[in-house]
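Participant: Sharing a model that was predicted from the sequence below.
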Amino acid sequence: MKSGTKSRSRQSSNYPLYGYLIFSCLILFSIFTAAIPTSTLVIYLSKGNTSYLNKVKFLQSITVKVIADYSSGTGVLITRKISDVTKTFVLTAAHVVDGLKNTDGTFREALIYREYRVNGFKVSNEEIPAIIIAYDRDNDIAILEVNEDNYTTEERTCEFYLQDKIPPPGTTLIHVGCTFGHYNSVMPGIMSQTYVFLPNIPESNGKVFDQTSIPAFPGSSGGGVFLENGQYVGMVTLWAGYPCLNWMVPVRRIQEWTRSIEMEWIIDPSIPVPTERKRTELEKMVPEIQEKDLNEMCIL
C-alpha cells in the first residue's frame, strides 16, 4: 500500500510540470503570432501545397533586379510579340532609375539582373542592358525595353488584374522583390486599405495609393504585388519606415497612365500591339544618347 501511494504521489507531482510546459508553449505561440501578420501566419500554416508553391516560383521567374548605377530596385517582365519577335519590357518605379538621368533629360541604360537556381542554389546569373522608353516621376512609373530580342519566352510574362472590382481590405497578397539587394525574396501580406491619399508625404504628388501590410524595404521599390492567383495588383513605391506599413501604386493607376501615353497594350494583351509602334519621346532620344561622349554626361 505504501509503495502504491508513493507511486500515485510521483505521478500527481508531474501535472504542474506539464501545465507549465503547456503554458510556456502558449506564451511563445502568442509572441510568434503577434510578431507576424495574420496573413503571413495563414500562409505559413496552410499554403504548403504544390500549386501555390509553383505559382510563387513563377512570380519569382518574372521578377528581376533593376540596376541603376549605384542603386537598384525591382521590376516585372512583360513580353509581347511584335513582328514575329518576342520583345521584353520591364515595369518598375521611376525613382529606381532616377540616378540614370542626364542633365539634358536623356537616360543612360539600366541593367536587368537575373539569377538561375537549381534546388534553391544559385548556379548562374546574367546582366543585360535595357533602355528607358517611358518615365513619369509624378506617377513613379517607368517602362524599360530589354536590348535583346527573344530574351525570354512569350509565356513568361506578368498578368495584370484589370477588373473593375478592387480587391478589398483583407485580401491576401504576395510581393516578390529584391529586398536590400537580395534577389527575389517572397513577402506575404494583406490589402490594408484602398484609395489612400498621403498629403503629408511630398513624394506622393497628390496621387492615390493602396495600403498594404507587405514587408517592404529598400530594394523592394518597383516590385510587383500579386493576388494569390498570381495577378498583378500594384507596385511597391513608398515605405513608411515600418515593416508592415507601405503603399503601392495600384494597377488601375498604371492602366490609366499607359492609356494616356498610348501604351496600354503593355499591360493589356487583349489590345493589339501597333504594327508600327509609336516611339515615345524617350525612345526618340536614344540615338542621341548613343552618339554622346559618355565622359561629357553628368552622372547624378
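Facilitator: Alright, I've got the coordinates.
Participant: and the residue nearest the centre of the chain, how far is that from residue 91?
Facilitator: The structure's the chain has its C-alpha centroid closest to residue 223; by Cα atoms, centre = their mean the separation is 2.3 Å. Using Cβ to Cβ, to the nearest Å, one gets 10 Å for the distance from residue 223 to residue 91. For the C-beta atoms, the positions are set from N, CA and C on the backbone; glycine is no exception.
Participant: shared neighbours, those two?
Facilitator: When Cβ atoms under 8 Å, 6 or more residues apart in numbering defines a contact, the residues bordering residue 223 and residue 91 alike are 75, 76, 235.
Participant: can you pull the buried residues of stretch 249-269?
Facilitator: If you call a residue buried by 16 or more other Cβ atoms under 10 Å, then stretch 249-269 has these buried ones: 249-255, 257-258, 261, 263-267, 269.
Participant: got it, and stretch 227-236?
Facilitator: Neighbour counts over stretch 227-236 (16+ other Cβ under 10 Å) mark 227, 230, 231, 232, 233, 234, 235, 236 as buried.
Participant: how about the helices in this structure?
Facilitator: 2-13, 15-35, 38-46, 50-61, 251-260, 281-291 (DSSP state H).
Participant: List every C-alpha atom in the fourth one, with coordinates, as PDB.
Facilitator: Presented in PDB, the C-alpha positions along helix 50-61 are these (Å, rounded to 0.1, in the frame of the first residue of the first chain):
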ATOM      1  CA  THR A  50       2.200  22.300 -54.700                       C
ATOM      2  CA  SER A  51       0.000  24.600 -56.900                       C
ATOM      3  CA  TYR A  52       0.700  27.600 -54.600                       C
ATOM      4  CA  LEU A  53       4.400  27.000 -54.500                       C
ATOM      5  CA  ASN A  54       4.500  26.600 -58.200                       C
ATOM      6  CA  LYS A  55       2.700  30.000 -58.500                       C
ATOM      7  CA  VAL A  56       5.300  31.600 -56.300                       C
ATOM      8  CA  LYS A  57       8.100  30.100 -58.300                       C
ATOM      9  CA  PHE A  58       6.600  31.500 -61.500                       C
ATOM     10  CA  LEU A  59       6.300  35.000 -59.900                       C
ATOM     11  CA  GLN A  60      10.000  34.800 -59.000                       C
ATOM     12  CA  SER A  61      10.800  33.900 -62.600                       C
END
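Participant: same for that helix, what does it pack against?
Facilitator: Contact partners of helix 50-61 among helices and strands, from 3 or more Cβ pairs under 8 Å, 6 or more residues apart in numbering; DSSP states H and E: strand 172-177, strand 185-197.
Participant: Most tightly packed of the ones you listed?
Facilitator: strand 172-177 (a mean of 24; mean count of other Cβ atoms under 10 Å).
Participant: Give me the sheet partners of that one and which way each runs.
Facilitator: In its sheet, strand 172-177 lies beside strand 185-197 (antiparallel), strand 224-226 (antiparallel), with partners assigned from DSSP bridges.
Participant: from the middle of its chain, how far away would it be?
Facilitator: Centroid separation between strand 172-177 and its chain, computed with Cα atoms, centre = their mean, to the nearest Å, is 6 Å.
Participant: Let me have it in CSV, keeping just the CA atoms, if that works.
Facilitator: In CSV, the C-alpha atoms belonging to strand 172-177 read as follows (Å, rounded to 0.1, in the frame of the first residue of the first chain):
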residue,chain,number,x,y,z
THR,A,172,-4.1,38.1,-49.2
LEU,A,173,-1.2,39.5,-51.2
ILE,A,174,2.3,38.3,-52.3
HIS,A,175,5.2,40.6,-53.0
VAL,A,176,8.4,39.4,-54.8
GLY,A,177,11.3,41.9,-54.6
